[in-house]
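Novice: Got a predicted structure here, sequence first:
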Amino acid sequence: MEDRKLIVSPSPHILSKHSTTRNIMLMVVIALLPTLAAAAIIFGWEVLLLTGVTVAACVGFETLYCVIMKKKVPVGDFSAVVTGLILAFNLPPSFPLWMAVIGAFVAIVIVKQLFGGIGFNFANPALVGRIVLQLSFTGRMITYIYPQSWSGVDALATATPMYALHNGPLPLMDLLLGTHAGVLGETCALTLIIGGAFLIATKVISPVIPLTYVGGVFAFKFLLGLAGGAAASASALSALSSILAGGLLLGAFFMATDYTTSPYTRSGKFVYGLLLAIVTTAIREWAGMVEGVSYALLLCNLLVPYINELSRQRPMGVGRGKRKGAA
Amino acid sequence: MGKFLRSWGRGCSVPHRKGTSGLATVTMPLPPKLKLLMQQHIGAPCVPAVAKGDTVLVGSVVGKAQGFVGADIHSGVSGTVTAIEPVQMPSGAVCDAVVIEPDGQQTIDPSIAPPAVRDRETFLAAVRACGLVGLGGAGFPTSVKLSPKNLDKIDSLIINAAECEPYITVDEREMLENGDNVISGVMAVKKYLNIPHVYIAIERNKPEATDLMFSLTKGDSDLSVVPLPTNYPQGAEKVLIQTVTGREVPSDGLPADIGVLVLNVTTVSTIGQYLASGMPLMSRRLTIAGGAVAEPKNVEVMIGTPIEEIIEFCGGFKSDPAKLLMGGPMMGVAMTDVGYPTLKQNNAILALTLNEIDLHEPDPCIRCGRCIMHCPVQLSPTEIEEAYTNKDMAMMQKLHSEVCMGCGVCSFVCPAKRLLSPATTLARLAVLAEARKAAAAKAAEKAPAATAKEAK
């Protein structure tokens, strides 16, 4: 037999075709689209421009950084697109575009690339981008203006439900459909749940974090209501409002489940979700802020390496003494 | 519940590609020469029992086992020993091989006769004389496996017919074609080792073989056929034991420690065949498949037949193979040499085209945790890879890298296509080497202390 060129490499020789970084990020993009569509319907077409700018800025900054640093340009993996979408979802409609570009710079260059790129960011890039904007342009970040709304949301600045909640529960239907004030990706609970369910069904994310986080916030708010002397039905209603309003669903499905900044194992994810619920509830109830999701996420992101260290699985057979007899 | 949560989502679904499953075994004519490697089992290599120019007969011993952990090697042909030459194995190590040119007469060695088995000792002697090793791929000498120290505590014998690797169909054909040998082998092991219960465990993707085993075991309450979920690596010994019995093999122990023995179905069938005929292990069935093979087949070949002869018998290559594998695509070894001989424990030769294999440059880890959640033995491959890259021995030990069985699931599911399985295997070897070094240092420390005491 003549000489042949045979490839020699270690096993396994076949790899999963659909499990790729690019496919995973594309799935996340798809899961975010219904919410983007809802935002466009609720707040007007301008939000598409804002989203387009953050996505383009994220992709642009990543490409630029990698070219300057002579790294392999990883734009094909769509992770910068996901960061851009989530950053836009955390901004109020009609947010100045130049400020959004600063947010994208913080997210991609400072939080992601300076720490080593994908897989090495210490916190969720879009989240830190949002927090930096919140601290730098506080007034603008909590101003909600709806220039060409189709849905009848007040064209002037409106209080967000988290403020309104202090004055009693809100109509659940408004919360579900998102026809109220808020940042553009957090208002429509329905599309967020659909997107989250899609990611769980396609096994992109594990259901553990969203379930423990959302379930935990519901449970704590309910118990606090009872402890405050409210009737069970009233407590349940206000607990339900508290999970539908604000950034909880966006955070629970799309930000807390970010791979790099969430724990590996099921038990780790459970602890992480519970911690998020505790910190979020504590901030919402007792701190000087009405919204707690961002800071809860940032704090818990930083705890992930420790949670990983403490929540490793016991490998099969380890610690199992040799059995003298058989069962 | 805890157990369910721990095992849920473990392993992965690999493509089956078992196109040869319906093809009856064909026997390949004698090749122009046999190359019998002296290392076809786990343990010390055999020593050639013949010299250049000697005449051998069918069933003659040509390689004598050294020590308890070993298995004799027999000639499958009558003919002349033309050389005893070194052959480089895929691992890079070099091993002697006895080269035999068949005379075509196939004269059977007069010493061959069905063994007289009366009790456990004579049964184990017969299994040893058969030269039998684990035919599922491991190559562990069967007579050694059947001699656990705590024989009276063994309550379960599991016959492994999972065959979870893609392409391979040899165990399935063994059940369909030699079902009676499987049962007679099972009954012999059960009787002479006095094991109360036998489970014949088959993946659900082999319904025909499962039905046949059900009908052959009907009426015997000590034998049960267990259909297994079709999930890779269902046939890995520790995974199989956990699925069938719910027990966990200690990481520093053997299945026998928890009262279980596992035998591959073709291995146990060979025991049945040997007890009836006295013909030792000289030939075996191989699946020859892959997109580059003109006519994929299940072929019965003499052990020692060079790969190129078998490929020729299957119509040669219809296109250029990108990889030539001995074994399946998940755990098989990529070969460099088509002249390499088949071994006792080989179950397949795959010639895969570029389309069938996956080659990727690794991307950065995105910390998705898939390798961790899919690892059938609950390791943390991505962290082990990092520790191995950093040469962090303490971390490799802490992460119990030695538990890895090299199944390849972590690499398979990795979205970043990182070389997790090879890295974890290297970490395992490093941890085991470190343990041996520590043990040797301890022994050396003890020895001078003892002599010092004596001097006093």
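Specialist: Structure's in. What do you need?
Novice: what about B:Ser13, distance to chain A?
Specialist: Distance, B:Ser13 to chain A, using CB to the nearest CB, to the nearest Å: 9 Å. Where you see a C-beta, it was placed from the backbone N, CA and C, and this is true even at glycine.
Novice: Give the full set of residues in contact with that residue.
Specialist: B:Ser13 makes contact with B:Thr230, B:Asn231, B:Tyr232, according to CB atoms under 8 Å, 6 or more residues apart in numbering or on different chains.
Novice: where does it fall, phi/psi-wise?
Specialist: With angles defined as degrees, to the nearest 10, B:Ser13 sits at phi -100, psi 120.
Novice: Poorly predicted segments of chain A, please.
Specialist: Scanning chain A with the threshold set as pLDDT under 70 gives A:1-4, A:75, A:144-170, A:290, A:321-327.
Novice: Might you name the residue of the stretch 51-200 of chain A sitting closest to chain B?
Specialist: Nearest residue of the stretch 51-200 of chain A to chain B, counting by CB to the nearest CB: A:Gly119, 4.6 Å away.
Novice: residue closest to the middle of the chain?
Specialist: Just so you know, I chose chain A. Centroid-nearest residue in chain A: A:Met255, 1.6 Å away (criterion: CA atoms, centre = their mean).
Novice: wrong chain, I was asking about chain B
Specialist: With distances taken as CA atoms, centre = their mean, the residue of chain B nearest its centroid is B:Gly137 (1.6 Å).
Novice: out of the contacts of B:Ser13, which is most surrounded?
Specialist: Within the contacts of B:Ser13, B:Tyr232 tops the neighbour count with 28 neighbours, counted by other CB atoms under 10 Å in any protein chain shown.
Novice: can you give me phi and psi for that one?
Specialist: According to degrees, to the nearest 10, B:Tyr232 has phi -80, psi 140.
Novice: my read: it touches B:Arg10, true?
Specialist: No. Applying CB atoms under 8 Å as the test, B:Tyr232 and B:Arg10 come out as separate, 10.1 Å apart.
Novice: Could you pull out the helices in the stretch 1-150 of chain A for me?
Specialist: A:21-43, A:46-68, A:79-89, A:97-105, A:125-136, A:138-141 (DSSP state H, counting those that start in this stretch).
Novice: could I have the shortest one exported to CSV, CA atoms only?
Specialist: Output in CSV follows, covering the C-alpha atoms of helix A:138-141 (Å, rounded to 0.1, in the frame of the first residue of the first chain):
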residue,chain,number,x,y,z
THR,A,138,-27.5,59.0,37.1
GLY,A,139,-30.1,61.6,36.1
ARG,A,140,-30.2,60.5,32.5
MET,A,141,-30.3,56.8,33.4
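Novice: got the contact list for it?
Specialist: A:Leu91, A:Pro92, A:Phe95, A:Pro96, A:Met99, A:Leu133, A:Gln134.
Novice: Then stretch B:213-224?
Specialist: Residues contacting stretch B:213-224 (CB under 8 Å, 6+ apart): B:161, B:175, B:179-180, B:182-183, B:186, B:190, B:196-200, B:202, B:225.
Novice: count of residues packed around the closest residue to chain A within the stretch 151-300 of chain B?
Specialist: As assessed by CB to the nearest CB, chain A sits closest to B:Gly259 within the stretch 151-300 of chain B, at 2.4 Å. By other CB under 10 Å, the residues close to B:Gly259 number 21.
Novice: Once you drop chain neighbours, what's closest to B:Ala289?
Specialist: B:Pro296 (4.1 Å; CB to CB, 6 or more residues apart in numbering or on different chains).
Novice: coming back round to it: which entries within the contacts of helix A:138-141 meet the buried criterion?
Specialist: Among those, those buried by neighbour count (16 or more other CB atoms under 10 Å in any protein chain shown) are A:Leu91, A:Pro92, A:Phe95, A:Leu133, A:Gln134.
Novice: Now do stretch B:205-222: distance to the chain's middle.
Specialist: Put simply, stretch B:205-222 sits 24 Å off its chain's centre (CA atoms, centre = their mean, to the nearest Å).
Novice: With stretch B:146-164 instead?
Specialist: Distance of stretch B:146-164 from the chain centroid (CA atoms, centre = their mean) equals 15 Å.
Novice: now swap in stretch A:10-25 and tell me
Specialist: 25 Å.
Novice: Report the buried residues of that stretch.
Specialist: Within stretch A:10-25, the residues that qualify as buried are A:10-16, A:19-21, A:23-25, counting by 16+ other CB under 10 Å.
Novice: Was I right to think the residue of the stretch 151-300 of chain B closest to chain A contacts B:Ser156?
Specialist: Yes. Counting by CB under 8 Å, B:Ser156 is a contact partner of B:Gly259 at 6.3 Å.
Novice: what does the stretch 51-200 of chain A put close to chain B?
Specialist: Residues of the stretch 51-200 of chain A lying close to chain B by CB under 8 Å from any CB of the partner chain are A:Pro74, A:Asp77, A:Ser79, A:Gly116, A:Gly117, A:Ile118, A:Gly119, A:Phe120.
Novice: for residue 40, what are its contacts?
Specialist: Chain wasn't specified; assuming chain A. The contact partners of A:Ala40, by CB under 8 Å, 6+ apart, come to A:Val47, A:Leu48.
Novice: meant chain B actually
Specialist: B:Cys46, B:Ala71, B:Ile73, B:Val133, B:Gly139, B:Ile303, B:Leu343, B:Lys344, B:Gln345.
Novice: ok so, going back, the residue of the stretch 51-200 of chain A closest to chain B: neighbour count?
Specialist: So A:Gly119, with other CB under 10 Å, has 19 neighbours.
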